[in-house]
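Asker: got a structure for you, letters missing:
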């Protein structure tokens, strides 16, 4: 690998390399773009994924394109922003170069915004047989799996086998787990019930496993309880104190020894920092996130920043959550600190202004905890959620299409449950 | 495989099994559904694909979902129509059963509507390295390949390698080849040029190889000449009398000995009947299509019909083209003949009423040959084409989304060139 891509045009410009085109990376770009810098965004996908709605793709509520937006169309209008579709192999902190499978890129400033991946806590079989929900590909695979299970179940004479085809286990009672379980229940008891008339839906089981005592543990009890009560009404069986010990192609085993027969186990129980970055020998916490100074810089490397899910930082004793708003605010902050450094000023500490956390439980119901003070539940919270997410979707075109899909879904309650590629069902690969 | 799925509900009903949810299969279903039959449609995809617009997905003009429609939502309202997502392994003509990877299905009447696959004429390397364009998966793989080539070329220092990354060869000057080449030229010289500012587009080459003397040989010369003149204006290089002798990962060899350096070779040169069916020992023609009687029945099997691309039949000495209108009309005819047989009447011969053939060459230009008499070219032909295809798209929702995409494309001329899954670029698999 000796191809060096020298991407900067003007000699007076500083070269800023940003790893990751997620929320953090894009907002850092936005902040830096008007300054004397040349920016190179490196990502292994050529699109930005709107993660907060990923679970809706898995539940056939949205099409993948609705939440994906090509990086090049986002940065097209900025001549000093470059995009490199590549995998990062190594970062040479001394030589200040990033080694990718395409070429070598040198930097003056580096922003680590590679995000997080699923954390299976090395539970036996989890990484092989459980379905993660962190990328667009994950979401589509999961959707294919769900539909395939129904297609198989419809013609399965063995009643036991049929039941395990129709049992869907979600591991993790955080917002992703709660939101997915709710969307899945609506998909199954709505459109699926119509599409599979000859199937006995009493055999369907949707189970949500939570290791702890309550749902949405990052929110006030009242909201967790509301979510529980909603999910129960939607025929989702929530089990607390349920730790998974092993996942197999057709069943999941719990620490208490009990076994659930199920072909579909969705894993939302944990996330860890992107391994490529955390293998750099930088100080990381147990979940593989890079510990940063309050300026978001990395200790000993004043020209390297880490932001978003990848960065571990605390505010008044509490670790910051791995959510889009944190990534966005940190992206802006890192960008500003770099411009300060360029103009000879010292970087300033980052402070997260927490506007709130929300989770949606199916149509017309959500929980919202705003400004660390106000709790909203039900339809009002859902409207707030809808508005915020719609507005924050990047790109008008996407927003238009998403709105079309949602409106359609809302008015006619029909979802296009249609295989996307890879057409090959997961089920066959696994069992 | 001893699971027999006896799908019929009422004993007085005849069991009609239809292999394939394409145009032929769906129109046959439509025709039969009100009669005393129970229908089982078997397909290996759970969606119907609107083939005439497939090339637009490959050229990033439409999203896959725009031209795919779930079979279950189409047949939902008919209680006597069943769908089986399965691969057909064998058909037992004596026992009147269809063996699939899921279960065994027995029939009173069978309609073979499995369509066609790409015919590589056993040209060396073609099936391994050339990109076919017959399924949704093909179209998405091809789109990924095209975008990946541009991403690689942008950072490729070796000028020769860069040129072969930017050379796109289409084999076959029929309507698919002409339409794809035109759409590709617009994609590349339109949105791609804006997205890859630092790339020298003089290095881009779009080549269309035709073995014969002219384009669109099934249409009057005048229209073929118009297509040629349009394509030349769009910087597509058309080469006649060019037969391919070998395809390699990075080049294509012609019979005359010349070699074209290109990482992307698209194969639209031939189609053959679906092998699963043509391996039944039924009489087939050289391109593996099942020869049918003028009633669309198969010789010696009065309860088996073959329709669409799979069926080979002639009308006044000319073989019928493998196009959607033929499949649709034959689907209706086969359906009617089965209802006649059920009510004790003899089946009647099929006659194709040829309303016309069209091909579109980029935006605002097309050729149309209507009622075997009238030739249209240019914008008027394009409007006719747009209207017909828009109206014939199955499902209002799809039509709405396709219209949105097209309108957007037409007004702003921006296409969302966005990787769809599989995210893994073909290029890496192959070179």
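Answerer: Nice, thanks for sending it over. Bear in mind that the values here come from a model prediction, so they are computed numbers and not experimental data. Numbers count the residues shown, from 1 in each chain, chains lettered A, B, ... in the order given.
Asker: remind me which residues of chain A are low pLDDT?
Answerer: In the predicted model, chain A carries pLDDT under 70 at residues A:1-11, A:390-431.
Asker: cutoff 80 now
Answerer: For chain A, the stretches with pLDDT under 80 are A:1-12, A:65-66, A:278-282, A:362-364, A:371-372, A:385-431.
Asker: what's the closest non-adjacent residue to residue A:170?
Answerer: Among residues not flanking residue A:170 along the chain, residue A:266 sits closest, at 4.5 Å (CB to CB, 6 or more residues apart in numbering or on different chains). (C-beta placed from N, C-alpha, C; glycine too.)
Asker: give the contact list for that neighbour.
Answerer: If you count contacts by CB atoms under 8 Å, 6 or more residues apart in numbering or on different chains, residue A:266 has them with A:58, A:130, A:131, A:133, A:142, A:168, A:169, A:170, A:171, A:177, A:180.
Asker: again, only using 10 Å
Answerer: Shown in contact with residue A:266 (CB atoms under 10 Å, 6 or more residues apart in numbering or on different chains): A:55, A:58, A:130-133, A:138, A:142, A:145-146, A:168-172, A:176-177, A:180-181, A:184, A:208-209.
Asker: repeat that for residue A:49.
Answerer: So residue A:49 contacts A:21-23, A:43, A:57, A:64, A:67-69, A:115, A:134-137, A:139 (CB under 10 Å, 6+ apart).
Asker: which of those fall within helices?
Answerer: Within these, residues falling in helices by DSSP state H are A:23, A:57, A:136, A:137, A:139.
Asker: would you mind giving these as a markdown table with distance to chain B and neighbour count added?
Answerer: Putting these into a markdown table (distance: CB to the nearest CB, whole Å; neighbours: other CB atoms under 10 Å in any protein chain shown) gives the following:
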| residue | distance to chain B | neighbour count |
| --- | --- | --- |
| A:23 | 18 | 29 |
| A:57 | 11 | 26 |
| A:136 | 7 | 25 |
| A:137 | 5 | 21 |
| A:139 | 9 | 29 |
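Asker: tell me where the stretch 101-250 of chain A has helices.
Answerer: Taking DSSP state H, counting those that start in this stretch, the helices of the stretch 101-250 of chain A run over residues A:126-129, A:136-154, A:159-165, A:175-187, A:193-195, A:221-233.
Asker: all helices for the stretch 301-431 of chain A, in order.
Answerer: Remark: helices assigned in the stretch 301-431 of chain A by DSSP H, counting those that start in this stretch are A:324-342, A:378-392, A:396-412, A:426-430.
Asker: buried ones in the second one?
Answerer: So that's helix A:378-392. A:381, A:382, A:384, A:385, A:386, A:388, A:389 (16 or more other CB atoms under 10 Å in any protein chain shown).
Asker: wait, the fourth one touches residue A:377, no?
Answerer: No: shown here, residue A:385 and residue A:377 do not form a contact pair, counting by CB atoms under 10 Å, at 11.2 Å.
Asker: any residues in contact with both of these two?
Answerer: A:365, A:366, A:367, A:368.
Asker: care to break chain A down by domain?
Answerer: Using automatic domain parsing, the domain parsing of chain A gives A:14-44+A:86-118+A:272-342, A:126-269+A:356-430.
Asker: most packed of these?
Answerer: domain A:14-44+A:86-118+A:272-342 (a mean of 21; mean count of other CB atoms under 10 Å in any protein chain shown).
Asker: start to end distance for that one?
Answerer: 8 Å (CA to CA, to the nearest Å).
Asker: swap in stretch A:78-86?
Answerer: Per CA to CA, stretch A:78-86 runs 20 Å from first to last residue.
Asker: residue B:50: which of the contacts of residue A:49 is nearest?
Answerer: For the contacts of residue A:49, the residue nearest residue B:50 by CB to CB is residue A:64; the value is 18.8 Å.
Asker: so what's the residue count around the closest one?
Answerer: 24 (other CB atoms under 10 Å in any protein chain shown).
Asker: looks like it contacts residue A:144 (just checking).
Answerer: No: here residue A:64 does not reach residue A:144: they are 11.6 Å apart, not a contact under CB under 10 Å.
Asker: contacting residues for residue A:160?
Answerer: Taking CB under 10 Å, 6+ apart as the criterion, residue A:160 is in contact with residue A:261.
Asker: make that residue A:343, sorry
Answerer: Here residue A:343 is in contact with A:35, A:36 (criterion: CB under 10 Å, 6+ apart).
Asker: what does residue A:252 give?
Answerer: Taking CB under 10 Å, 6+ apart as the contact definition, residue A:252 lies against A:123, A:125-126, A:129-130, A:167, A:169, A:171, A:207, A:209, A:242, A:244-246, A:258-262, A:264-265.
Asker: now do residue A:283
Answerer: A:289, A:290, A:291, A:292, A:298, A:299, A:300, A:312.
Asker: and those, which two are the farthest apart?
Answerer: A:289 and A:300 (17.3 Å).
Asker: for the stretch 151-300 of chain A, what lies in contact range of chain B?
Answerer: Within the stretch 151-300 of chain A, the positions lying close to chain B (CB under 10 Å from any CB of the partner chain) are A:151-152, A:154-158, A:191-192, A:194-198.
Asker: closest to residue B:321 out of these?
Answerer: residue A:151 (33.6 Å).
Asker: touching, the closest one and residue B:86? I think so.
Answerer: Yes: if you go by CB under 10 Å, residue A:151 and residue B:86 touch, sitting 8.3 Å apart.
Asker: give me the common contacts of these two.
Answerer: Residues touching both residue A:151 and residue B:86 by CB under 10 Å, 6+ apart: residue B:102.
Asker: the domains of chain A: which one's closest to residue A:77?
Answerer: When those are compared by CB to CB, domain A:14-44+A:86-118+A:272-342 sits nearest residue A:77, at 9.2 Å.
Asker: quick one: that closest one to chain centroid distance?
Answerer: With CA atoms, centre = their mean, to the nearest Å as the basis, domain A:14-44+A:86-118+A:272-342 stands 17 Å off its chain's centre.
Asker: same check on stretch A:231-245?
Answerer: That offset, for stretch A:231-245, works out to 22 Å (CA atoms, centre = their mean).
Asker: end-to-end on that stretch?
Answerer: Termini of stretch A:231-245 sit 24 Å apart (CA to CA).
Asker: so what's residue A:222 up against?
Answerer: Residue A:222 sits in contact with A:367, A:369, A:375, A:377, where contact means CB under 10 Å, 6+ apart.
Asker: what is the nearest of the residues you listed to chain B?
Answerer: residue A:367 (30.7 Å; CB to the nearest CB).
Asker: the closest one reaches residue A:231, doesn't it?
Answerer: No: counting by CB under 10 Å, residue A:231 is not a contact partner of residue A:367; they are 11.4 Å apart.
Asker: find residues that contact each of the two.
Answerer: A:178, A:215, A:361.
Asker: contacting residues for the residue nearest to residue A:340 when sequence neighbours are not counted?
Answerer: Spatial nearest neighbour of residue A:340, chain neighbours left out: residue A:347 (5.6 Å); criterion: CB to CB, 6+ apart. By CB under 10 Å, 6+ apart, residue A:347 lies in contact with A:293-297, A:302, A:305, A:333-334, A:336-341.
Asker: what about residue A:347, distance to chain B?
Answerer: 31 Å (CB to the nearest CB, to the nearest Å).
Asker: what does residue A:360 give?
Answerer: From residue A:360 to chain B the distance is 23 Å (CB to the nearest CB).
Asker: could you measure from that residue over to residue A:217?
Answerer: 17 Å (CB to CB, to the nearest Å).
Asker: again with residue A:274
Answerer: From residue A:274 to residue A:217 the distance is 24 Å (CB to CB).
Asker: equivalent analysis for residue A:227, please.
Answerer: From residue A:227 to residue A:217 the distance is 11 Å (CB to CB).
Asker: overlap in contacts of the two?
Answerer: Common neighbours of residue A:227 and residue A:217 (CB under 10 Å, 6+ apart) are residue A:173.
Asker: what about the strands in the stretch 201-350 of chain A?
Answerer: Assigned by DSSP state E, counting those that start in this stretch, the strands in the stretch 201-350 of chain A fall at A:205-209, A:236-239, A:244-248, A:251-254, A:259-261, A:264-267, A:271-273, A:290-291, A:297-298, A:301-306, A:311-312, A:314-315, A:318-319.
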